[in-house]
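A.B. asks: next come a sequence and a model predicted from it.
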Amino acid sequence: MIDFRYHLVSIVAIFLALALGIVLGSTTLSDSVTDTLKRQANSASKGLNDARTQQRQLQHQIDGEEQYASVLGTQTVAERLKGQSVVLVETPGASNDSIEQVSELAKNAGAAVTGRVTIQKKYLDDNQTETVDELATQLKPDGVELPAADGPYGRAGTVLASALVTRDAAKAGREDASGGTVLNGFRQAGYVTTSGKPGQHATLAVMVAPSTPYAAEGRDADNKALISLATALDAADRGTVVGGPLTAAQDGGLIKALRDSDAEKSVSTADMVDTSSGQVVALLALQNEMGGKSGHYGIGSGVSGYLPSPAPAAGKNG
């Protein structure tokens, strides 16, 4: 007979075997998991090092291209705007460096820079809409028709444009009483400040967009007001370009808003104007504008390419 002691020994043996199996199995599993994790860590480390190397290479390439554009940009645009004049329009939050660099490049292209008009935040204040409209109506020069359908900022833009730009070669480079009255009125109201002689009626205009999109509340109305001004400038001169950094071509930015509006058919944009190559592109876009061609350039959404293609011929300024 099989007694109780036999059963007890058998049960103990089974449990010992199970315990030994668990210990051996867990040790083997632990070694396998450890090896797998080590391989994954080594692979991730190699991938990170490769990415860092590629990033350094790309940065060197970008730095080289920026240096190339900076050194040869003046030669690229030489004489392309000869006989023309440019007024610079600074929006609230625009980069002063970009404005200065575009100004210098325009001079190298043969254009005279009449001056700068800086739009103040007060101009875009929702509480000022009615006053802006009243001022535009009051200051409207004889012979200037205000667009009834374009709202207060469409009318204000038309009046401001009449003081800043012209298509008439006989009027270009000349200040007049009505233009002076308009600029004085907007200055006294706190809507703009000026430097240089922007009242000399330039033939071309460059508006520099805010580097950072405005706050979401009221942003659409602010962008629409500035687009109205850009459209009015383009209608009154030989060409207008709105330039800015890539952030201005992203959601909420002025350039993105313009490209999504009806103004995209007439006003050109360049979304890399904080770089030397982007500044060259803006000048090429101005040259194309004189020939009746509008376009959108850079690397943001809605562009046809980084620059006009084919590029306008050197020495031909429309």
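C.D. replies: Received the coordinates, thanks. This one's a predicted model, so the numbers in the text were calculated from it and none came from an experiment.
A.B. asks: averaged pLDDT, the strand or helix carrying S103. What do you get?
C.D. replies: Applying DSSP states H and E as the criterion places S103 in helix 96-108. On average, the pLDDT along helix 96-108 is 95.
A.B. asks: pull out the buried residues from it.
C.D. replies: Residues of helix 96-108 classed as buried by neighbour count (16 or more other CB atoms under 10 Å): S98, I99, Q101, V102, S103, L105, A106, N108. Using the backbone N, CA and C atoms, a C-beta is placed for each residue, glycine as well.
A.B. asks: and if you look at stretch 195-205?
C.D. replies: Neighbour-count burial for stretch 195-205 [16+ other CB under 10 Å]: P198, G199, Q200, H201, A202, T203, L204, A205.
A.B. asks: just the terminal-to-terminal distance for that stretch.
C.D. replies: 15 Å (CA to CA, to the nearest Å).
A.B. asks: and for stretch 83-94?
C.D. replies: 27 Å.
A.B. asks: follow-up on the earlier one: and the buried residues of stretch 195-205, which two are furthest apart?
C.D. replies: Using CB to CB, the two most remote members of the buried residues of stretch 195-205 are G199 and L204, lying 15.5 Å apart.
A.B. asks: can you give me the domain assignment for the protein?
C.D. replies: As recorded under automatic domain parsing, the domains making up the chain are 1-77, 81-297.
A.B. asks: of those, which approaches V303 most closely?
C.D. replies: domain 81-297 (4.9 Å).
A.B. asks: and the closest one, how far from the chain's centre?
C.D. replies: A distance of 14 Å separates the centroid of the chain from that of domain 81-297, by CA atoms, centre = their mean, to the nearest Å.
A.B. asks: span of that domain from start to end?
C.D. replies: Span of domain 81-297 from end to end, CA to CA: 19 Å.
A.B. asks: now swap in stretch 288-299 and tell me
C.D. replies: 19 Å.
A.B. asks: quick check: mean pLDDT across that stretch?
C.D. replies: pLDDT averaged over stretch 288-299 gives 95.
A.B. asks: among the buried residues of stretch 195-205, which lie within strands?
C.D. replies: Those of the buried residues of stretch 195-205 mapping onto strands are L204, A205, per DSSP state E.
A.B. asks: how about the helices in the stretch 101-250 of the chain?
C.D. replies: 121-124, 129-139, 151-164, 177-188, 219-236 (DSSP state H, counting those that start in this stretch).
A.B. asks: same list (the ones you listed) but as TSV, adding distance to K171 and mean neighbour count.
C.D. replies: Formatted as TSV, those follow (distance: least, CB to CB, whole Å; neighbours: other CB atoms under 10 Å):
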stretch	distance to K171	mean neighbour count
helix 121-124	25	19
helix 129-139	18	17
helix 151-164	10	24
helix 177-188	9	17
helix 219-236	11	22
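A.B. asks: quick one: closest of the ones you listed to P310.
C.D. replies: Using CB to CB, the nearest of the helices of the stretch 101-250 of the chain to P310 is helix 219-236, at 22.5 Å.
A.B. asks: ok, and what's touching the closest one?
C.D. replies: 89, 91, 119, 123-124, 126, 150-151, 153-154, 156-158, 160-162, 164-167, 205, 207, 209, 213-214, 240, 242, 252-254, 257-258, 261, 263, 266-267, 289 (CB atoms under 8 Å, 6 or more residues apart in numbering).
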